[in-house]
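Enquirer: model this:
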Amino acid sequence: MFTNLPNSQAVTTKKRVSKLPHALAIMSTSLMIGLSMASMSAQAAGLGELFANNGAAQSKFLPVDKAFQVISSTKATSKGTRLSINFDITPGHYVYKDQLTLSFPKGVSATPFTFSQSPVSIDDPTFGKVPVFTQKNMVATTMLTTNNGKGAKNAPIIIGWQGCAKAGLCYPPEKIKTTVDIAVTRK
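Expert: Model (predicted):
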């Protein structure tokens, strides 16, 4: 191919030819990096708009701690310790009844939850037909006891729950860690 060219020109031409694919590779890599950075910036901006806290960009969805205020309280009784979990639910949001869970150490028992409100049934896109709480304020109550009837100090309890915005966002499952003094049961 380069037989008609003097050796010095052939080498120069070869160098130019061999540098061209390299230059194209660098340019295409730079372009790919630039596009992916722009894409990541757009994704971050999109997520930022969902949960924006500044006045410039109005958020479509509230942060989970603004959409749901969850407070637990306890009261010692002769039957053990009553644990109440108060959900202050912002209008346009709901809490799954069946996603409310308790985790506690071995040797501790809990009665099934009772609720201050009746759940409503919805056709949820994730779970199908399920009971949820949509009321402004809902309290779930259970009785905690030890299996041996003796009290327990600082028993670690984990409250699990999940809620959604009716506008189309389900928040990840939440966990609240607390400790509870469990009262001695009296007969």
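Enquirer: The lowest-mean-pLDDT helix or strand in the chain: what's the following helix or strand?
Expert: Within the chain, no helix or strand scores below helix 7-50, which has a mean of 43 by mean pLDDT, DSSP states H and E. Heading C-terminal from helix 7-50, the first helix or strand you meet, by DSSP states H and E, is helix 64-67.
Enquirer: packing partners for that next one?
Expert: strand 163-165 (3 or more CB pairs under 8 Å, 6 or more residues apart in numbering; DSSP states H and E). Every C-beta, even on glycine, is put in place using the N, C-alpha and C of the backbone.
Enquirer: quick one: contacts of the strand it packs on?
Expert: Strand 163-165 has contacts (CB atoms under 8 Å, 6 or more residues apart in numbering) with 61-62, 64, 67-68, 89, 92-96, 124, 132, 170-171, 174.
Enquirer: now swap in stretch 120-133 and tell me
Expert: 87, 89, 94-98, 115, 117, 119, 134, 164, 170.
Enquirer: Buried among these? Make that a PyMOL selection.
Expert: In PyMOL, this line selects whichever of the contacts of stretch 120-133 come out buried by 16 or more other CB atoms under 10 Å:
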select buried, resi 87+89+94+95+96+97+115+117+119+134+164
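Enquirer: From the contacts of stretch 120-133, pick the one nearest residue 80.
Expert: Residue 80 has its nearest neighbour among the contacts of stretch 120-133 in residue 115, at 18.9 Å by CB to CB.
Enquirer: residues contacting that closest one?
Expert: Residue 115 sits next to 97, 133, 138, 139, 140, 141 when contact means CB under 8 Å, 6+ apart.
Enquirer: In strands only, show me these.
Expert: Within these, residues falling in strands by DSSP state E are 133, 138, 139, 140, 141.
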